[in-house]
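# let's see this in three dimensions:
(one chain, ligands or ions: 2)
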Amino acid sequence: MASSAFRTVWDGLLNLVYPTRCFVCDRIGFGYFCDDCRSSVSPIAPPFCVRCHEPEAPNLCPGCIADPPQFDRARAAGIFSDPLRKAIHEFKYRRRERLASPLALLLERTWARYPELHRAEAILPLPLHRSRMQERGFNQSRLLAAALTSRLSLPLLEDVLIRSAYRRPQVGLNRSDRRENVRDAFAVAARDAVAGKSLLLLDDVITTGATCSEAARTLRDAGATEVSVIALAREPYRPRS
Ligand SMILES: [Zn+2]
Ligand SMILES: [Zn+2]
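Numbers count the residues shown, from 1 in each chain. Ligands and ions are numbered 1, 2, ... in the order given. Below you'll find the model as predicted:
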């Protein structure tokens, strides 16, 4: 508590001397992800897949009909394109941790927009494996989840869903390879925390949804009654020929 209060004061002082610069458009004095950049992130317009939020899909997309994900629904703040893509990239790979708060604002807006998420009783970040965590230095979903839980007054379940196995990154894999790659990658460390609950799983970018689906399966096996997913961005799935 003391350190976060100190940080707020420190940020306030820094802002006087070095006004904030938007990590996306470089404008000075309007925050790390300025209002202009943030308000140009448009929500995914209907029609979209009600299950995985794939844009321009009728009710259920072909992927969800052929192979339904284990989560009940996923909702993202917008499509994975600039300026959102740039903000996520700066946050995740360049460790601009100060983007956690403005990005959580987008998640809060997303939560408000979709009442189907409101039954959730607790938020869980999608975990990183320990070795990936060491390599990257922080778990972006965990920072976002912490920022979002304080905005929504929902409990944050940390270290409840864990990575039980190290898997190669999903980048470059097709849909079925992605599913295979994450099989049994998760475990629940505290069944009591999830049993009988409706949960909100937080990820940064959803592509095929394979990782979230496997995490949701693990949570259901531990007794969760419902698993929704909230994410910053939805990368429309393009089947590879
Ligand atoms: Zn900007
Ligand atoms: Zn779908």
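
# could you list the low-pLDDT ranges of the protein?
Scanning the chain for pLDDT under 70 picks out 1-2, 11, 238-241.

# dump the residue contacts of Ile123.
145, 148-149, 152, 154-157, 199-202 (Cβ atoms under 8 Å, 6 or more residues apart in numbering). All C-beta atoms are positioned from the backbone trio N, CA, C, and that covers glycine.

# kindly recompute the last result at 7 Å.
Neighbour list for Ile123: 145, 148-149, 154, 156-157, 200, 202 [criterion: Cβ atoms under 7 Å, 6 or more residues apart in numbering].

# backbone dihedrals for it, please?
Per-residue torsions, Ile123: phi -110, psi 140 (degrees, to the nearest 10).

# ok, now Ala74?
phi -130, psi 140.

# which SS class is the residue nearest the centre of the chain?
By Cα atoms, centre = their mean, the chain has its centre lying nearest to Asp203, at 2.4 Å. Assigned with DSSP: H, G, I helix; E, B strand; the rest coil, Asp203 falls in the strand class.

# tell me where the longest helix sits in this structure.
Taking DSSP state H as the criterion, the chain has its longest helix at helix 2-17.

# could you export that helix as PDB, CA atoms only?
What follows is helix 2-17, C-alpha atoms only, in PDB (Å, rounded to 0.1, in the frame of the first residue of the first chain):
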ATOM      1  CA  ALA A   2       2.700   2.400   1.100                       C
ATOM      2  CA  SER A   3       4.700   1.600  -2.100                       C
ATOM      3  CA  SER A   4       1.700   2.200  -4.400                       C
ATOM      4  CA  ALA A   5       1.000   5.600  -2.600                       C
ATOM      5  CA  PHE A   6       4.700   6.500  -3.000                       C
ATOM      6  CA  ARG A   7       4.500   5.500  -6.600                       C
ATOM      7  CA  THR A   8       1.400   7.700  -7.200                       C
ATOM      8  CA  VAL A   9       3.200  10.700  -5.700                       C
ATOM      9  CA  TRP A  10       6.400   9.900  -7.500                       C
ATOM     10  CA  ASP A  11       4.500   9.600 -10.800                       C
ATOM     11  CA  GLY A  12       2.800  13.000 -10.100                       C
ATOM     12  CA  LEU A  13       6.100  14.700  -9.600                       C
ATOM     13  CA  LEU A  14       7.700  13.100 -12.600                       C
ATOM     14  CA  ASN A  15       4.700  14.200 -14.700                       C
ATOM     15  CA  LEU A  16       5.500  17.800 -13.700                       C
ATOM     16  CA  VAL A  17       9.100  17.600 -14.700                       C
END
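
# helices and strands around it, which ones?
For helix 2-17, there is no helix or strand it packs on, judged by 3 or more Cβ pairs under 7 Å, 6 or more residues apart in numbering; DSSP states H and E.

# where's it relative to the chain centroid, distance-wise?
Distance of helix 2-17 from its chain centroid, counting by Cα atoms, centre = their mean, to the nearest Å, is 27 Å.

# next helix or strand past it?
Proceeding N to C from helix 2-17, the next assigned helix or strand is helix 35-39, under DSSP states H and E.

# tell me if the helix or strand that that next one is followed by is near ligand 2.
Per DSSP H and E, the first helix or strand lying C-terminal to helix 35-39 is helix 62-66. Yes - judged by Cβ under 5 Å from the ion, helix 62-66 comes into contact with ligand 2 at Cys64.

# mind listing what's buried along helix 62-66?
63-64 (16 or more other Cβ atoms under 10 Å).

# cool, and stretch 86-99?
Going by neighbour count (16+ other Cβ under 10 Å), the buried part of stretch 86-99 is 87-88, 90-92, 96, 98-99.

# over to stretch 188-196?
Buried positions in stretch 188-196, judged by neighbour count with 16+ other Cβ under 10 Å: 188, 193-194.
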